[in-house]
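Participant: Below are the sequence and a predicted model for it; my questions follow.
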Amino acid sequence: MDLWSIRIIVKDKFKELFSEYFENFDGYMSSSLFQDNDLNYKYDIDKSYNLSTNKLGEFHLNKYWILEIILNIKPDKKFIKTKLNFLAKQFKLNKFYDYNEKNNDKEFLNKIYISKIINKDWLKENRSSFPSINIDNFYIYGSHIKKESSENKIPIKIDASFAFGTGSHETTRSCLNSLTYLSKIYNPKSVLDYGCGTGILGIASKKIFKNNKITFVDIDINALKLTKQNLRLNNIICREILLSKSNTMKNFNKKKYYDLIFANILFGPLTSLAPRLKFISKPNSFIVLSGLLSNQITNIVNRYKMFGFKLKKKIIINGWGTVIMRRQF
């Protein structure tokens, strides 16, 4: 089956609008948004542009995104341009034009790029783009890499996929740094990986604290399926893999139960989660909070201080922050 790509550049506030608009087109398969820092700098990002969260829970400074639509039929250029300009007119946006490579067209905004996608094994392509990673004593690699580390490291096999947590992002990396730090001073019996994604943090905890009990929780059923797959890849048996529709679900909401909690999510959910983490954590237990921008750390620390947690350590990597806090009472 032939696939076709349509790419346009959209302003941040219109990205959901244009993404949803394409869903009714014949042959529609998917839409994706890509960040391009060069694009944002080229078109003069206002330095006063405030960091904010949108309805998707995203924190960013992007004014522009590359929107790519995948179709399973060849798109009619004239039809696509007419439909896009109809929407642009409704919101008083500039007209869209066909991109003309032959004319050395270097102006990227308001251009429509249409191309045929070369047939590839996309799963293989995705996994091959995920190299092995060394973080402290951990060696993280995908199933496409046949050779384990020859060094004296703890191997963690994680396949790259749709869920967050392969070790490549600063927040996951700093959570693993936090785990290394805590392993030298603490031996938890019960660990919660809240918002587990691929399950990497719970898996790493199990490999360090071999006799502890790990609970994996996520609101996304696909993430939990991937966690189960990665547990099998690492020969770990775990029955506490739970789907949560809210942070009050009884299946993990156990009073004074957890010795160590990881929550690598976002500033907004972490803020609202504070009273719940106090309820389910034991006195003198540790929590690792991540998914934070460095300028959000002070606010999150102050928030958790109100619930009896004290800052033990903070880690900042490339503008992303993680805090380790301990429950005092």
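Facilitator: Great, that's in hand. Numbering: from 1, shown residues only.
Participant: What separation do you get for I317 and S290?
Facilitator: Plainly put, I317 is 10 Å away from S290 if you go by C-beta to C-beta, to the nearest Å. Any C-beta I mention is one placed from the backbone N, CA and C, and that applies to glycine too.
Participant: So for these two, which residues contact both of them?
Facilitator: S174 (C-beta atoms under 8 Å, 6 or more residues apart in numbering).
Participant: The residue lying closest to Y21 once chain neighbours are set aside - how many residues pack around it?
Facilitator: Spatial nearest neighbour of Y21, chain neighbours left out: L87 (5.7 Å); criterion: C-beta to C-beta, 6 or more residues apart in numbering. Here the number of neighbours of L87 (other C-beta atoms under 10 Å) works out to 15.
Participant: and L87, what are its phi and psi?
Facilitator: Backbone torsions for L87, taken as degrees, to the nearest 10, come to phi -70, psi -40.
Participant: Then P75?
Facilitator: phi -80, psi 150.
Participant: Likewise for the one 3 residues further on?
Facilitator: Backbone dihedrals for K78, given as degrees, to the nearest 10, come out at phi -60, psi -40.
Participant: Report the separation between it and I6.
Facilitator: With distances taken as C-beta to C-beta, K78 is found 13 Å from I6.
Participant: With G291 instead?
Facilitator: Distance from G291 to I6, by C-beta to C-beta: 32 Å.
Participant: Looking at those two, which has the bigger crowd around it?
Facilitator: Comparing G291 with I6 by other C-beta under 10 Å, the one with more neighbours is G291, at 25 against 21.
Participant: could you give me the average pLDDT of the one helix or strand T298 maps to?
Facilitator: Assigned by DSSP states H and E, T298 belongs to helix 297-305. For helix 297-305, the mean per-residue pLDDT is 96.
Participant: do the same with stretch 214-221
Facilitator: pLDDT averaged over stretch 214-221 gives 87.
Participant: Enumerate the positions of it that are buried.
Facilitator: I214, T215, F216, V217, D218, I219, D220 (16 or more other C-beta atoms under 10 Å).
Participant: how far out from the middle of the chain is that stretch?
Facilitator: Averaging C-alpha positions (C-alpha atoms, centre = their mean, to the nearest Å) puts stretch 214-221 15 Å from its chain's average.
Participant: ranges for the strands of the stretch 51-200 of the chain?
Facilitator: All strands of the stretch 51-200 of the chain, identified by DSSP state E, counting those that start in this stretch, fall at 52-53, 59-60, 64-71, 97-98, 111-117, 133-135, 138-141, 154-157, 190-194.
Participant: Give me the helices and strands touching the fourth one, please.
Facilitator: Secondary-structure packing of strand 97-98 (3 or more C-beta pairs under 8 Å, 6 or more residues apart in numbering; DSSP states H and E): helix 77-90, strand 111-117.
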